[in-house]
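Asks: just the structure for this:
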Amino acid sequence: MNKHEELIYTFYTAFQQLDADTMVNCYHPDASFKDPVFELHSKEEIAKMWNGLCKRAKKFELNFDQVKANESTGLAHWEATYLFSKTNRMVTNSINAEFRYKDGLIIEHIDSFDFWKWSRQALGLTGYLLGWSSFLRSKVQKQAMKSLK
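Replies: Predicted structure coming up:
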């Protein structure tokens with residue numbers, strides 16, 4: 001296992017334990033993060049996101065696999081099952097992660113998942129009817145960014 005694969009294992013093992021501090025320590029000071037909900041351009045914003053998600057996590061379980069990395073890039077697949085607190089609904093989200101590295105740390109982290117599938121689980125009928133729309137995605141993004149303030 002190379003050092004970047006070890007970094008991915010450290011990151012997701014910490015996530016399984018809801019250890020946001022260890023997760024954040026895997027990021028470069030100039031890191032960015034993007035997924036269908038968040039677009040973050042500083043380690044500080046990334047730290048707020050992971051701290052908030054870890055603190056609010058209920059009935060949380062995470063599994064990861066397909067970890068691959070070389071000197072500059074990495075990949076992993078992870079699946080999280082949790083209680084979405086705003087609607088009290090259980091969600092299982094399957095996510096593909098891409099990483100770029102600088103100085104042995106994550107400089108860019110991009111998570112991809114099916115927003116419509118997620119919204120159907122998390123938001124019920126509203127997600128089913130509107131989860132495909134940019135309107136709902138934008139509303140969820142704004143609420144998520146507000147949670148970082």
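
Asks: just the pLDDT for Trp132.
Replies: Here, the pLDDT recorded for Trp132 equals 74.

Asks: tell me what the one helix or strand Trp116 maps to is packed against?
Replies: Take DSSP states H and E as the rule and Trp116 turns out to sit in helix 115-123. Under the contact criterion of 3 or more Cβ pairs under 8 Å, 6 or more residues apart in numbering; DSSP states H and E, the helices and strands touching helix 115-123 comprise strand 89-102, helix 125-130, helix 134-146. (Glycine included, C-beta is placed from N, CA and C.)

Asks: most packed of those?
Replies: strand 89-102 (a mean of 17; mean count of other Cβ atoms under 10 Å).

Asks: so what are the sheet partners of the helix or strand hosting Tyr82 and their directions?
Replies: Tyr82 belongs to strand 73-84 when elements are defined using DSSP H and E. Based on DSSP bridges, the pairing partners of strand 73-84 within the sheet are strand 61-69 (antiparallel), strand 89-102 (antiparallel).

Asks: any low-confidence regions in the protein?
Replies: With pLDDT under 70 as the threshold, the chain has low-confidence stretches at 133, 135-136.

Asks: quick one: contacts of the helix holding Trp116?
Replies: Counting contacts by Cβ atoms under 8 Å, 6 or more residues apart in numbering, the residues outside helix 115-123 that touch it are 36-37, 84, 86-87, 89-93, 126-128, 130-132, 136-137, 140.

Asks: quick check: buried residues in that helix?
Replies: The neighbour-count check on helix 115-123 (16 or more other Cβ atoms under 10 Å) flags Phe115, Trp116, Trp118, Ser119, Arg120, Gln121, Ala122, Leu123 as buried.
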